[in-house]
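J.: Quick one, fold the following:
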Amino acid sequence: MTRTASGAAALPTLAALKASGRPIVMLTAYDYPSGRVAEEAGVDVVLVGDSAAMTVLGYDSTRAIAIDELLVLTRAVRRAVTRVPLVGDLPFGSYEHSDERAVATARRFVDDAGCDAVKLEGAGAMLSRVRAIVGAGIPVIGHVGLLPQSVLSPDGYRARGRDAEQALAIVTGAEELEAAGCAALVIEAVPAEIGALVTERVSIPVIGIGAGAATGGQVLVYHDLLGLGEGRVPRFVRRYAETRDVLVSAVRRWADDVRQGQFPSAEEGYGMPAEEMAEVRERLDEAV
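T.: I've put the predicted structure just below:
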């Protein structure tokens, strides 16, 4: 970890990528296998997102996941990810109430789960939380635009910043988060013009998700990118595979083979010398 001239905790990898002009590639991961895939594929940073609530644990929203649940997943990803920064999402209800609570939660993600930074949502009252966590020496990634932890119903997952007042609030919040010491920002589900404007007006890396191509990088949810999820797909998602269909087909073919007596074959089992089996039968017969 390094510190900027303003004293804020920083993520050197992301700062270097921004300085080079190379777009930052961030991907979520939620367990050891997905962490391995992300790192082997060459992403720049891995986020253990609270989206795990829905993608992995089956909850209706990101608000439902508990700290301990997310920490279990984060530790698994940390065991897989050894070469790039790991960011932990602070779950809903774990940081909003006080600076002390925010720092304590952030420390758990760093000390107990091995994160290099934490992410939290919103500006406003959260600016004090950012300053406190950064003051404790932990890098923070801010999050503006659509804030999933604030969504109370499925129809709440809509783009933000499509009118002037909301757009100005997003831009102002981004600038305030930088001033509070954030090392980077995620901006979600906003018009491309607002994604570009925020990127232009702050000096820290800006990573977009549904925020246009002019941001300093992009993040997607692992399950969305690979077609593992069910239901509605956000318009900003490009699916690079339909993995769920492949998995369902594979399991269906295996089930069919089992039911038809075609699995396992002799080659898929273990044998033993005929004389050993003969002895087993003989001794069993003697015991009767």
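J.: Identify the residues contacting the residue lying closest to K119 once chain neighbours are set aside.
T.: For K119, ignoring the flanking residues on the chain, the nearest one in space by CB to CB, 6 or more residues apart in numbering is I141 at 4.2 Å. Using the backbone N, CA and C atoms, a C-beta is placed for each residue, glycine as well. Neighbouring residues of I141 by CB atoms under 8 Å, 6 or more residues apart in numbering: 11, 87, 117-120, 182-186, 207.
J.: now I141, what's its secondary structure?
T.: strand (DSSP: H, G, I helix; E, B strand; the rest coil).
J.: re the thing from before, ok, the contacts of I141 vs G271, which is closest?
T.: Taking CB to CB as the measure, G271 sits nearest to V87 out of the contacts of I141, at 50.0 Å.
J.: just checking, next helix/strand downstream of the helix or strand hosting that closest one?
T.: Under the criterion of DSSP states H and E, V87 resides in strand 86-89. Under the assignment DSSP H and E, the closest C-terminal helix or strand after strand 86-89 is helix 99-107.
J.: Now do that following helix: distance to the chain's middle.
T.: 20 Å (CA atoms, centre = their mean, to the nearest Å).
J.: Tell me the helices and strands packed up against the following helix or strand past that helix.
T.: Heading C-terminal from helix 99-107, the first helix or strand you meet, by DSSP H and E, is strand 117-119. Counting contacts by 3 or more CB pairs under 8 Å, 6 or more residues apart in numbering; DSSP states H and E, strand 117-119 packs against strand 86-89, strand 140-145.
J.: Just to check, A64 is in contact with A53?
T.: Yes: with contact defined as CB atoms under 8 Å, A64 reaches A53; the gap is 5.2 Å.
J.: more crowded one of the two?
T.: A count of neighbours by other CB atoms under 10 Å puts A53 above the other of A64 and A53, at 25 against 16.
J.: That one falls within a strand, correct?
T.: No: going by three-state DSSP, the assignment for A53 is helix, not a strand.
J.: which residues does the nearest residue to it once chain neighbours are set aside contact?
T.: Closest residue to A53 apart from its sequence neighbours, by CB to CB, 6+ apart: I65 at 3.7 Å. Counting by CB under 8 Å, 6+ apart, I65 touches 50, 52-53, 57, 59, 91-92.
J.: want to throw these into a markdown table with distance to V151 and pLDDT?
T.: Written out in a markdown table, the entries for the contacts of I65 read as follows (distance: CB to CB, whole Å; pLDDT from 0 to 100):
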| residue | distance to V151 | pLDDT |
| --- | --- | --- |
| D50 | 12 | 97 |
| A52 | 16 | 98 |
| A53 | 12 | 97 |
| L57 | 17 | 97 |
| Y59 | 13 | 95 |
| P91 | 14 | 98 |
| F92 | 10 | 97 |
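J.: For those residues, work out which two are farthest apart.
T.: Going by CB to CB, the pair spanning those furthest: L57 and F92, at 13.5 Å.
J.: Now for the two: what residues contact both?
T.: 64-65.
J.: Neighbour count for these two, which is higher?
T.: F92 (21 against 14).
J.: so how many other residues sit close to V258?
T.: 11.
J.: Enumerate the positions of the helix or strand containing it that are buried.
T.: Secondary structure from DSSP H and E places V258 in helix 243-259. The neighbour-count check on helix 243-259 (16 or more other CB atoms under 10 Å) flags T243 as buried.
J.: Which residues does it contact?
T.: For helix 243-259, contacts defined as CB under 8 Å, 6+ apart pick out 226-230, 263.
J.: This structure: helices as residue ranges?
T.: Using DSSP state H, the helices of the chain run over 12-20, 32-40, 52-55, 67-80, 99-107, 126-135, 164-180, 192-201, 222-225, 243-259, 274-287.
J.: Give me the packing partners of the first one, helices and strands only.
T.: Contact here means 3+ CB pairs under 8 Å, 6+ apart; on that basis helix 12-20 packs against strand 24-28.
J.: just the fifth one next, same as before
T.: Using 3+ CB pairs under 8 Å, 6+ apart as the contact definition, the elements that helix 99-107 packs against are helix 126-135.
J.: List the buried residues for the helix it packs on?
T.: 126-127, 129-134.
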